[in-house]
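S.K.: Pasting the sequence and the predicted model now:
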Amino acid sequence: MNSSSLRRIGQTLLIPILAVFSALVVGAIIMWIFGDNPIAAYRGLFEGAVGSARAWSTTIRKMTPLILTGLSVAVAFKAGLFNIGASGQFIMGTVCSVAVGINFEGLPAFIHLPLALLAGIAGGMAWGFIPGALKVFTGAHEVIVTIMLNYVASLFASWTVYAGGTQGQTPGPLWDTTAGPISETADVFISARLPWIFAEPYRVHWGVVIALVVALIMWWVIFKTTLGFETRTVGANNKAARYAGMNVNWVIILTMMIAGGLAGLAGGIETLGLNHKFAPEFTGGVGFDGITVALLGQTNPIGVVLSAFLLGALDAGGARMQFDSGVSADIIQVIQALVLAFVAAPTIIRQIYRIRKPSDQVESTVFSSGWGR
Amino acid sequence: MGKRRYRVTSYIIGGLILVFIVMAILVNTTSLGDSTWMRVFFGISALNFTLRASVPLILGAMCGILCERTGIINIGIEGMMLAGAFAAFVAKTNTNDWPLLASLLFGVAAALVTGGLMGLLHGVFSIRYRMDQIISGTVLIILAAGLTAYLFDRNAVAEGKFGTIAIPGLSQIPVLGEVIFTNPPLTYTTLILVVVIHIGFFYTRWGLRSRACGEHPRAADTVGINVNRFRYMNTIIGGMLAGLAGGFLVLEAVGQFQEGMTAGRGFISLAAMIFGNWMPFGAMGASLLFGYTQALQNELLLAGVTTVPRQFVSMIPYIVTIVAVSGFVGRVRPPAAEGKVYETEGGSE
Amino acid sequence: MQNKRFAVVFSMLLVLAMVLSACTAVPAAPAQPAADAGAAGEAAAPASDIKIGLVTDVGRVNDRSFNQSAWEGVVQAATALGLTEGEGYKYIETQDSKDYADNIQQFIDAGFNVIVTVGFAMGEATAKAAAENPDIYFIGVDQFQGEPIANVTGLVFNEDQSGFLAGALAAQLSKSGTIAAVLGTDLVPPVVAFKEGYELGAKYINPDINLISTYHPGEISQAFVDPEWGAATAKQALDQKADVIFGAGGQTGNGALQEVASAPGAGTDVFCIGVDTDQWETLPAAHPCLVSSAMKLITPATIELINTYAADGTMTAGNYFGGAGLAPFHDFDEKIPQEVKDKLDEIAAGLADGSLTTGYQP
């Protein structure tokens, strides 16, 4: 690696780092204005995120699904598609993984676990296929369809574990019959659980390794394969891709399926690694956070991993921050929004810190291409 | 071809609306109303619920139309609504000792101003700083959710909300009078605004110029229209409308604020805007349809007439939305220059 | 020039923040420990060596609902014991249901020895933490204990009984013969118990009564925080001639109560009944219509349990049934006919001595 490519990396990282720093400063000012102590808050945030082994383990645990949902959104962006549906795909992945995990008792782990994970991927893919196909065949915009499918997914999921018995209703198919009035599934069998890397009290499971490997694979797929090239071409210029003889419709459907599969895998990992069951209070919130992760990571898989780490750390530190300093963890969301704003509008950062724009660098990538097509 | 299909569609829709009104009147005045199913579909309670659920959607969709017709994609409507709702709440709680009407109007003003500021922020991000408009919208949503939750004083109480005003004479018409002419003021305002925006867009110079900025900014620039100024202006006005939607939730519908109380209405407004083909009346119709599906879902659950698990009944509004945008009325056409940063000739920074 | 642009954006953000919070900048949390955010209280020497922590269910500590009721119990008990907030007692707000275990662990790590966990959903995390920390006393609000654990008290309530009383009251007040309930979600068992009890109580008075009730249609994270849906549904019920409406479900239910309160005829023709606490105290906006509330008294029960432990270290294993019943009628006391009151007293007595059962089977 020569010095010019090192400088290139430095330049790429400079803006995000300054963006995070600036967001923290603005966040501090807001806290100060409203009578909170920003120094105490940030000390708690830091300690809760990376201050101890347990903090690190929480950060890793939080970051794992974010990597995958971030990748899900990022991959779709590469094809010019905006996947707001990662949370629905996440939930469908969860449900499908659990469905396999609580059945098939006695299967050996090396079959049961992959099967359950694959079920998660399949569930997410199916949920990604719908908006992809509708876009291609009817022109329905994926933003609307995926948002609506998020609601449908969460209703569907809560039905599967519905303990309707007390009201004379049919309970859902995945409901744990021993749970009484509580709507939840049974625990998945040990053979379908992701093993711990660090067991209690750290609770770090192998899901993080899977997520990192998947991120590498996605990087390879996007930048080194024909499919990745086609996806990027479709995203950059739909018409050109068509003229070049690419099957644009197929690329769109496939990309949405891959995006869905990634989010579904996130759901599967989260359930099989951590929760070991599904209950209606497990929401697909990480799916929505995936948008921030993807945008912050500039839709690059490596960037996604880094930004998932940042968001995971902020999330992990939020609880400790509130515990130590009494500052409501809601301020974390404000900081996230500011980070996103500063990264997406590097001009602001350049103006504050008087950084000259590198001549060879392309200004921010265009992600969206309107409602059209 | 496209125009003709559009006309046919509008005839069909017009016919359906007429049938619907006739049915509604019959069900609520004759013995037809003895049937539970008829009441579920056409009862006064369903119609009232429809209008009430539609008002924020209509305002949100108008916000979307104003922004997008000038070329700015706005997925941040949800955030603008939430900020407007919060501002209305704070304004209301701080003026509880004022006369009720003054205090409520102050709340409305706060919602409008805050919504407008959110619109300005969207404009600054996406026009001056050339941020991707979808990202900018996302930023608005997260920022509004975070700030309102952080600043929300959960012990504050807003006292009072807008009451209904029966329009003399008109409110005596059977069924229609009760549903349309006996409403609180912001509902009337919303319905009037739709007409105003329609006229503004299609019969005034402002409307023509706005649309030009969204369809062909280069040409608009050539004839001397300041494209970015129009974009700023319409985004701010749009933001005010979204803020008003938030104000409606706090000052007219509920009387309190709750974190995340917009609950996806901004997104459904977007669907209504698209389904309505970026036309004010179309978007209003779509909003009413979505409101009606919500009413229907609630009616079915309240009447307890189905044995289908309630989760599936609850999916109705979302599935109808998907079916609607999936080309029920053929492909819609968004403004051509949407989402693209406009740079004047030769100017860069 | 460049700085100026930044200044514009920055000041806009600030203005936005200012406008959002308008005139007064009241901090959101109920009480802020002003200083000392260091390692939690090694130097502290309170009157006793008890340290009480409370983990909320997903939601806020001042949610005017069950989190708040439990927290008030902690505050009152701790104040009586001479503890100071931050050192001797504090809370943590759960942001996501996945964080239950982590949040409980925060208190364990900080050396707290009484931990109150709120909400049935935290039952599993509580049981697990209790098994690992036998010296720490856990109080689980709404957490029914199937198999008793020595250091966990499940603070539970007979919601069906107070719902039954509310239903009996509603059926007696109703002139139209239609009463309604606007509810949180059936994914949460206590809400189901309230609803079923309400309907059984109404039918006990008037078997032919027309009951219309509905749960929130959305997911669990929305079900208790959607006042707009609650209000719209209450209006819908009013349109269908319901004249007593039971609002049970956090903010959603409160929305319903407020809608009834602002309806024409509130307090004379249409009435509403609140839930959980005496909502006359917590929701003044509902005064025009609020005849009573179906209560589950979390606050006194929490105080009771903490005091028992503080006195001699007794941990009540298994379930502890807190008080449940109707709230006072307040301003409606004179308007409610004596025979209605007598009937309610009779039912309450019957439920208490077991001669009457609600008929609700969870």
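M.R.: Good, I have the coordinates. Residues are numbered from 1 along each chain as shown, chains lettered A, B, ... in the order given.
S.K.: With adjacent residues omitted, what lies nearest to the residue of the stretch 101-250 of chain B found nearest chain A?
M.R.: Relative to chain A, the nearest point of the stretch 101-250 of chain B is residue B:146 (3.0 Å; C-beta to the nearest C-beta). Backbone N, C-alpha and C define where each C-beta goes, glycine included. Using C-beta to C-beta, 6 or more residues apart in numbering or on different chains and skipping residues adjacent in sequence, the residue nearest residue B:146 is residue A:333, 3.0 Å away.
S.K.: How about the residues of the stretch 201-350 of chain C by chain A?
M.R.: Residues of the stretch 201-350 of chain C lying close to chain A (C-beta under 8 Å from any C-beta of the partner chain) are C:217, C:218, C:219, C:220, C:221.
S.K.: Turn the residues you listed into TSV, including secondary structure and pLDDT.
M.R.: Formatted as TSV, these follow (DSSP: H, G, I helix; E, B strand; the rest coil; pLDDT from 0 to 100):
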residue	secondary structure	pLDDT
C:217	coil	86
C:218	coil	82
C:219	coil	80
C:220	helix	81
C:221	helix	80
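S.K.: Out of the residues you listed, which two sit at the greatest distance?
M.R.: C:217 and C:221 (13.1 Å; C-beta to C-beta).
S.K.: Which one of the two is surrounded by more residues?
M.R.: residue C:217 (25 against 21; other C-beta atoms under 10 Å in any protein chain shown).
S.K.: where does chain C have low pLDDT?
M.R.: C:1-48, C:362 (pLDDT under 70).
S.K.: Revised request: answer the last question for the stretch 201-349 of chain B.
M.R.: The model of the stretch 201-349 of chain B has pLDDT under 70 over residues B:327-333, B:343-349.
S.K.: neighbours of the closest residue to chain C within it, just the number please.
M.R.: Closest to chain C within the stretch 201-349 of chain B is residue B:314: 3.7 Å, counting by C-beta to the nearest C-beta. The number of residues packed near residue B:314 is 25, by other C-beta under 10 Å.
S.K.: residue contacts, it?
M.R.: The contact partners of residue B:314, by C-beta atoms under 8 Å, 6 or more residues apart in numbering or on different chains, come to A:155, B:297, B:301, C:217, C:218.
S.K.: Can you tell me the closest non-neighbouring residue to the first one?
M.R.: Once flanking residues are discounted, residue A:155 sits nearest to residue B:311: 4.4 Å by C-beta to C-beta, 6+ apart.
S.K.: Quick check: which element contains that neighbour?
M.R.: Element membership of residue B:311, judged by DSSP states H and E, is helix B:310-314.
S.K.: for the helix or strand immediately after that helix in the chain, packing partners?
M.R.: In the C-terminal direction, the helix or strand that comes right after helix B:310-314 (DSSP H and E) is helix B:316-325. Here helix B:316-325 touches helix A:142-160, helix B:265-275, helix B:280-303, going by 3 or more C-beta pairs under 8 Å, 6 or more residues apart in numbering or on different chains; DSSP states H and E.
S.K.: Save those as a markdown table, and put in mean neighbour count too.
M.R.: Compiled in a markdown table, those are given as follows (neighbours: other C-beta atoms under 10 Å in any protein chain shown):
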| stretch | mean neighbour count |
| --- | --- |
| helix A:142-160 | 26 |
| helix B:265-275 | 29 |
| helix B:280-303 | 23 |
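S.K.: Residue B:190 contacts residue B:52, doesn't it?
M.R.: No - checked against C-beta atoms under 8 Å, the pair residue B:190 and residue B:52 is beyond contact range at 10.8 Å.
S.K.: can you confirm residue C:245 is in a helix?
M.R.: No - Residue C:245 is assigned strand when assessed by DSSP: H, G, I helix; E, B strand; the rest coil, not a helix.
S.K.: Done for today, thanks.
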